[in-house]
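Peer 1: any chance you can model this:
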Amino acid sequence: MKIKIKPVKKIVGEVIVPGDKSIAHRALMIGALAMGATRIKGLPESDDCNYTAKAFRDMGINIRRELDVTIVEGNGLHGLKKPGNPLYVGNSGTSMRLLAGILAGQSFESTLTGDTGISARPMKRVVEPLNMMGVKISAKDGEYPPLAIAGGRVRPIAYKNSIASAQIKSAILFAGLYSKGTTKVVEPVKSRDHTERMLKYFGAKVKIEGRCVSVRGDRELKARAFEIPGDISSAGFFMAAATLLKGSKIKIRNVSINPTRAGILKVLSMMGSDVKIVNRKMRGPEPSADIVVKYSKTRGITITKDMVPSVIDELPIIFVLASLSKGKTIVEGARELRVKETDRIVSMQNGLKAMGADFRVEGDRIVIEGPKSLKGAGLKSFGDHRTCMALAVAALTAESDSEIEGMESVSKSFPAFFETLFNLTIA
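Peer 2: Predicted coordinates:
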């Protein structure tokens, strides 16, 4: 499906974004493994989270919705039942990688499968450490889904990861819940920490020492109630739009400001954006706040390799900001973007260059020269939700109308994105 985007002068108003998808996945998973009823407020109605919920329903977990609260009736670590069919996770990489860790400790065999997009995404980085834990997993060419998992006895390991990946870390920690000892994961740079925060909140014995996280296995989890804060990745598109459009001012309510996820706030500050954090509070294990953003002139910056993990999902919208900021922006070590829902370096370069941006790829670096006045163009989402939303923001700033093919991709994380955006726009 295509959508036409007209340029606007400014945006004003208040925004509520969906609950954080990364936190939501873990809430469903850990709730299913805990003893008792976990009550989750603010679970987003996104495709990815729906696939995770269905996978656990297929393993005998009662998950139901009462108004804005999702109730997960957990049966304990060993309460899952063998599914009658392969567990289908659509295009959700988080679902597949984290479920692999949970299924590693089950007494039954299972298969994880997904759509054509996820069937081309690398899973060896999860398969290898789980194999080290004694789990038998087979994958196509040893690398790609479907994953056939023969669960059973899990042994604890101390694993040194070569890349900072919350999905790999989480899969190992989840498998470690089923071991008789302590499982450790060491990362080169600290990745997002939702899993360890939530495991600790549900009663797991978790220890965090710098870049090392450990969990002691064979300990039952207890159900908890909490509210999921808004997704800062989704908020990033509106923060960028308000920054770029003169006269804009918006408030985004109840957004996650987890330090391992809030790199976009640091990047915006470095670029000169007028961003204020107000009404800070804790929602269960996660910090949240309201974010107020006004128009401001921005400048190019260098995003170093060690900053990338905290903004990996926000880089597409940062590319848009960079195209319209004074000077040069350099992003180092961005290769992880190539193994997302699509190759986001290619998809964003394709879209922004069509609009007149100066976007270059130099080895493992991305160089964007600004400011460039963007022009309207025919654009493609490449089936990627973040590419689609980032290009929609770019189109708002353009000199003429644009059209984006593949607007339905936003349903992966933010089904109401365009409705929310158009409710803010002032011609």
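Peer 1: please count neighbours and contacts with C-alpha atoms only from this point.
Peer 2: Will do.
Peer 1: in this protein, which spans are helices?
Peer 2: Taking DSSP state H, the helices of the chain run over residues 21-33, 47-57, 93-103, 124-132, 166-176, 194-201, 232-244, 263-271, 315-323, 344-354, 385-396, 417-424.
Peer 1: where does the stretch 151-300 of the chain dip in pLDDT?
Peer 2: The model of the stretch 151-300 of the chain has no residue with pLDDT under 70.
Peer 1: please, where are all the strands along it?
Peer 2: Ranges of strands in the stretch 151-300 of the chain, per DSSP state E, counting those that start in this stretch, are 158-160, 182-186, 205-209, 212-216, 221-222, 225-227, 249-256, 274-283, 286-294.
Peer 1: just for the stretch 301-427 of the chain, where's the confidence low?
Peer 2: Ranges of the stretch 301-427 of the chain meeting pLDDT under 70: 336-342, 427.
Peer 1: I'd say Ala148 and Ala139 touch.
Peer 2: Yes. In terms of C-alpha atoms under 8 Å, Ala148 counts as a neighbour of Ala139; the distance is 6.6 Å.
Peer 1: give me the number of residues near Gly363?
Peer 2: By the criterion of other C-alpha atoms under 10 Å, Gly363 has 10 neighbours.
Peer 1: hmm, I typed the wrong one, I wanted Glu196.
Peer 2: If we define neighbours as other C-alpha under 10 Å, then Glu196 has 25 of them.
Peer 1: ok, now how distant is Leu80 from Gly151?
Peer 2: Per C-alpha to C-alpha, to the nearest Å, Leu80 is found 12 Å from Gly151.
Peer 1: can you check Gly247 too?
Peer 2: Gly247 sits 57 Å away from Gly151 when distances are taken as C-alpha to C-alpha.
Peer 1: what about those two, which has more around it?
Peer 2: Gly151 (22 against 14).
Peer 1: residues touching that one, list them.
Peer 2: 103-110, 135-136 (C-alpha atoms under 8 Å, 6 or more residues apart in numbering).
Peer 1: which residues sit in contact with the nearest residue to Asp364 once chain neighbours are set aside?
Peer 2: Among residues not flanking Asp364 along the chain, Gly333 sits closest, at 5.4 Å (C-alpha to C-alpha, 6 or more residues apart in numbering). Listed by C-alpha under 8 Å, 6+ apart, the contact set of Gly333 reads 304-305, 308, 364-365.
Peer 1: quickly list what's touching both of Leu80 and Gly151.
Peer 2: Gln106.
Peer 1: want to try JSON lines for the helices of the chain, with distance to Thr182 as columns?
Peer 2: What follows is those, written out as JSON lines (distance: least, C-alpha to C-alpha, whole Å):
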{"stretch": "helix 21-33", "distance to Thr182": "18"}
{"stretch": "helix 47-57", "distance to Thr182": "26"}
{"stretch": "helix 93-103", "distance to Thr182": "15"}
{"stretch": "helix 124-132", "distance to Thr182": "14"}
{"stretch": "helix 166-176", "distance to Thr182": "7"}
{"stretch": "helix 194-201", "distance to Thr182": "14"}
{"stretch": "helix 232-244", "distance to Thr182": "32"}
{"stretch": "helix 263-271", "distance to Thr182": "30"}
{"stretch": "helix 315-323", "distance to Thr182": "35"}
{"stretch": "helix 344-354", "distance to Thr182": "37"}
{"stretch": "helix 385-396", "distance to Thr182": "37"}
{"stretch": "helix 417-424", "distance to Thr182": "42"}
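Peer 1: how many neighbours does the closest residue to Val127 other than its chain neighbours have?
Peer 2: Excluding its sequence neighbours, the residue lying closest to Val127 (C-alpha to C-alpha, 6+ apart) is Ile137, at 6.5 Å. Using other C-alpha under 10 Å, Ile137 is surrounded by 22 other residues.
Peer 1: circling back: among the contacts of Gly333, who's most crowded?
Peer 2: Within the contacts of Gly333, Val308 tops the neighbour count with 24 neighbours, counted by other C-alpha under 10 Å.
Peer 1: residues contacting that residue?
Peer 2: Val308 makes contact with 332-334, according to C-alpha under 8 Å, 6+ apart.
Peer 1: now do Arg335
Peer 2: Contact analysis of Arg335 by C-alpha under 8 Å, 6+ apart lists Asp364.
Peer 1: how close does it get to Ser92?
Peer 2: Taken as C-alpha to C-alpha, the span from Arg335 to Ser92 is 19 Å.
Peer 1: what does Ala158 give?
Peer 2: Distance, Ala158 to Ser92, by C-alpha to C-alpha: 27 Å.
Peer 1: look at these two and report which has more neighbours.
Peer 2: Ser92 (22 against 17).
Peer 1: burial measure for the nearest residue to the more buried one once chain neighbours are set aside, as a count.
Peer 2: Leaving out its chain neighbours, the residue that sits closest to Ser92 by C-alpha to C-alpha, 6+ apart is Asp48, at 5.3 Å. Other residues within reach of Asp48, judged by other C-alpha under 10 Å, total 23.
Peer 1: thought Gly90 was touching Asp48, still the case?
Peer 2: Yes. The criterion here is C-alpha under 8 Å, and Asp48 meets it with Gly90 at 7.3 Å.
Peer 1: shared neighbours of these two, anything?
Peer 2: In contact with both Asp48 and Gly90: no residue, using C-alpha under 8 Å, 6+ apart.
Peer 1: got the domain ranges for this structure?
Peer 2: 2-19+230-426, 21-227 (automatic domain parsing).
Peer 1: re earlier: drop anything exposed from the contacts of Gly151.
Peer 2: In those, burial by neighbour count holds for 103-106, 109-110, 135-136, counting by 16 or more other C-alpha atoms under 10 Å.
Peer 1: in TSV: those, plus distance to Thr425 and pLDDT.
Peer 2: Formatted as TSV, the buried ones among the contacts of Gly151 follow (distance: C-alpha to C-alpha, whole Å; pLDDT from 0 to 100):
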residue	distance to Thr425	pLDDT
Leu103	45	98
Ala104	48	96
Gly105	49	96
Gln106	50	96
Glu109	51	96
Ser110	47	97
Val135	52	94
Lys136	52	93
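Peer 1: which residues sit against stretch 397-409?
Peer 2: By C-alpha under 8 Å, 6+ apart, stretch 397-409 touches 1-9, 244-245, 355, 373-385, 388, 391-392, 395, 415.
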